[in-house]
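Trainee: test case, fold it:
(one chain, ligands or ions: 1)
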Amino acid sequence: MVAAVRVHKTGGPEVLTFEDVAIPAPGQGQIKIKQHACGVNFIDCYFRNGSYPAPSMPFIAGNESAGEVIAVGPGVTDFKVGDRVAYVGPLGGYAAERVFAADRAVKLPDNISYEQAAGMMLKGMTVQYLVNRTYKVGKGTICLIHAAAGGVGLIACQWANYLGATVIGTVGSKDKAELAKKNGAHHTILYRDEDFVAKVKEITSGKLCDVVYDGIGKDTFPASLDCLRPLGYFVSFGSASGQIAAFNINLLQAKGSLFATRPTLNHYGAKRDDLVSMANDLFKVVGSGAVKIPVNQTYPLKDAAKSHIDLESRKTTGSSILIP
Ligand SMILES: NC(=O)c1ccc[n+]([C@@H]2O[C@H](COP(=O)([O-])OP(=O)(O)OC[C@H]3O[C@@H](n4cnc5c(N)ncnc54)[C@H](OP(=O)(O)O)[C@@H]3O)[C@@H](O)[C@H]2O)c1
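Mentor: Numbers count the residues shown, from 1 in each chain. Got it, this is the predicted structure:
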């Protein structure tokens, strides 16, 4: 039996239950991982509270971890016992051990710690596709990144800056503004106090943005569309404040023939080749020091509920991890 955090019925952070579970031996194509660090992500809250339906009940929360292989199942040729690995994948992350599909795991380079990996696989591969594929950020791009001091936000500010963009970040406090600036944001906007559309107009001298990366959802819609130049890209990749209500697609025409997309890592990383190349790209920018992974909150696994309370009450910055 090993320690894990399970959800028996959906609800608030209090439904995260620390208990012992039995982990089976790895089956065909699976590896067993002794997990050294587990990532905490907003998606974990969506599963916990039921806004994303879990495939079964009870379930072990969490979608991201890093650790070492302690057993390999039949048919696994790419991994051996002792390999350092990391993954983003189906529920089961918040546990001291788990079995996992070998073809969804990646080997961890020696220069990336387990803690860094748990703080970056989901958020960092998300940023990888957002700035390289959903909209190709480059020299001269002007982008708006909401929640710039958050987990995805701090990585996105650094990576977009590294690619040559002018980065405007919205943040919930002055401390968060400082942090976003230290991590690549050229301009910050206190969107709880200031009209962020007016500020974007002022900062860009009326040119507006090529792309808006919006993980906030309800509270920043439709204002995010007003931050875009004609033919700009609205990238709605999350809904920390709640989901955007259905809207008439003619709104995109009225606001300047805009493009709108609602992407998810699951689709961008569905093919093994894409997963490996996204992970390698992330390892490269982190390994070179171009992008740093600020793991600003570390909790023992038993305090998973506290990690969710802090994340949902906007107390955290950068990444949060759990240590089994
Ligand atoms: N589509 C994908 O592939 C994908 C992958 C990973 C993450 N995501 C999404 O990316 C977003 C960020 O995820 P994360 O894990 O890195 O979280 P995070 O940004 O560290 O935390 C969320 C932040 O959103 C801001 N926020 C604004 N309104 C909020 C509200 N009503 N409740 C809570 N927070 C609010 C807060 O920052 P301020 O205080 O600065 O406002 C808060 O710190 C989430 O929407 C998540 O679902 C999407």
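Trainee: can you tell me the SS state at residue 46?
Mentor: With DSSP: H, G, I helix; E, B strand; the rest coil as the basis, residue 46 sits in helix.
Trainee: so for the residue of the stretch 1-150 of the chain found nearest the ligand, what's the pLDDT?
Mentor: The stretch 1-150 of the chain approaches the ligand most closely through residue 150 (2.0 Å), counting by CB to the nearest ligand atom. C-beta coordinates here come from the backbone N, C-alpha and C atoms, glycine included. Per-residue pLDDT puts residue 150 at 98.
Trainee: could you list every residue that touches it?
Mentor: By CB atoms under 8 Å, 6 or more residues apart in numbering, residue 150 lies in contact with 215, 240, 316, 317, 318.
Trainee: so which bits of this structure are right by the ligand?
Mentor: Residues of the chain lying near the ligand by CB under 6 Å from any ligand atom: 41-43, 122-123, 126, 147, 149-153, 171-172, 176, 215-216, 219, 237-241, 263-265, 311-312, 314, 316.
Trainee: can you select the buried ones among those for me in ChimeraX?
Mentor: Buried residues within these, by 16 or more other CB atoms under 10 Å, are selected in ChimeraX with:
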select :41,42,43,122,123,126,147,149,150,151,152,153,171,172,176,215,216,219,237,238,239,240,241,263,265,311,312,314,316
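Trainee: ok, residue 134 - contacts?
Mentor: Listed by CB under 8 Å, 6+ apart, the contact set of residue 134 reads 233, 235, 237, 261, 263, 268.
Trainee: look up how far residue 237 lies from it.
Mentor: 8 Å (CB to CB, to the nearest Å).
Trainee: intersection of neighbour lists for those two?
Mentor: Joint contacts of residue 134 and residue 237 (CB under 8 Å, 6+ apart) are residue 263.
Trainee: rewinding a little: would you mind giving the contacts of residue 134 as a markdown table with secondary structure and pLDDT added?
Mentor: Listed next are those as a markdown table, based on DSSP: H, G, I helix; E, B strand; the rest coil; pLDDT from 0 to 100:
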| residue | secondary structure | pLDDT |
| --- | --- | --- |
| 233 | strand | 98 |
| 235 | strand | 98 |
| 237 | coil | 98 |
| 261 | strand | 98 |
| 263 | coil | 98 |
| 268 | helix | 98 |
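Trainee: just checking, what packs against whichever helix or strand residue 234 is part of?
Mentor: Using DSSP states H and E, residue 234 falls within strand 228-236. Other elements packing on strand 228-236 under the criterion 3 or more CB pairs under 8 Å, 6 or more residues apart in numbering; DSSP states H and E are strand 209-214, strand 259-261.
Trainee: so which bits of the shortest one are buried?
Mentor: Using 16+ other CB under 10 Å as the burial criterion, the residues of strand 259-261 that qualify are residue 260.
Trainee: partner strands of it, with direction?
Mentor: Here strand 259-261 has these sheet partners by DSSP bridges: strand 228-236 (parallel).
Trainee: now the helices: where do they sit in this protein?
Mentor: Ranges of helices in the chain, per DSSP state H, are 42-49, 114-129, 151-162, 174-182, 196-203, 250-254, 265-268, 272-287, 304-312.
Trainee: mind putting these in CSV, distance to residue 26 included?
Mentor: Below are these laid out as CSV (distance: least, CB to CB, whole Å):
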stretch, distance to residue 26
helix 42-49, 24
helix 114-129, 20
helix 151-162, 30
helix 174-182, 41
helix 196-203, 48
helix 250-254, 47
helix 265-268, 23
helix 272-287, 18
helix 304-312, 24
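Trainee: now the contacts of residue 150 as TSV including pLDDT?
Mentor: Shown next, in TSV, are the contacts of residue 150 (pLDDT from 0 to 100):
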residue	pLDDT
215	98
240	96
316	98
317	98
318	98
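Trainee: residue 258 is in contact with residue 234, isn't it?
Mentor: Yes. The pair residue 258 / residue 234 is scored as a contact, 5.7 Å apart, by CB atoms under 8 Å.
Trainee: what is in contact with the two at once?
Mentor: With CB under 8 Å, 6+ apart, residue 258 and residue 234 have common neighbours 225, 228, 252.
Trainee: now, which of these sits nearest the ligand?
Mentor: Ranked by distance to the ligand (CB to the nearest ligand atom), the shared contacts of residue 258 and residue 234 are led by residue 225 at 17.5 Å.
Trainee: can you pull the contacts of the residue nearest to that closest one when sequence neighbours are not counted?
Mentor: Nearest non-adjacent residue to residue 225, counting by CB to CB, 6 or more residues apart in numbering: residue 255, 4.5 Å away. Counting by CB under 8 Å, 6+ apart, residue 255 makes contact with 222, 225, 226, 228.
Trainee: from the residues you listed, which would you call buried?
Mentor: Buried by 16+ other CB under 10 Å: 225, 228, out of those.
Trainee: including pLDDT, could the contacts of residue 255 go into TSV?
Mentor: Output for the contacts of residue 255, formatted as TSV (pLDDT from 0 to 100):
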residue	pLDDT
222	98
225	98
226	98
228	98
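Trainee: just put the contacts of residue 255 in a markdown table and tack on distance to residue 35.
Mentor: Converted to a markdown table, these look like this (distance: CB to CB, whole Å):
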| residue | distance to residue 35 |
| --- | --- |
| 222 | 41 |
| 225 | 41 |
| 226 | 44 |
| 228 | 41 |
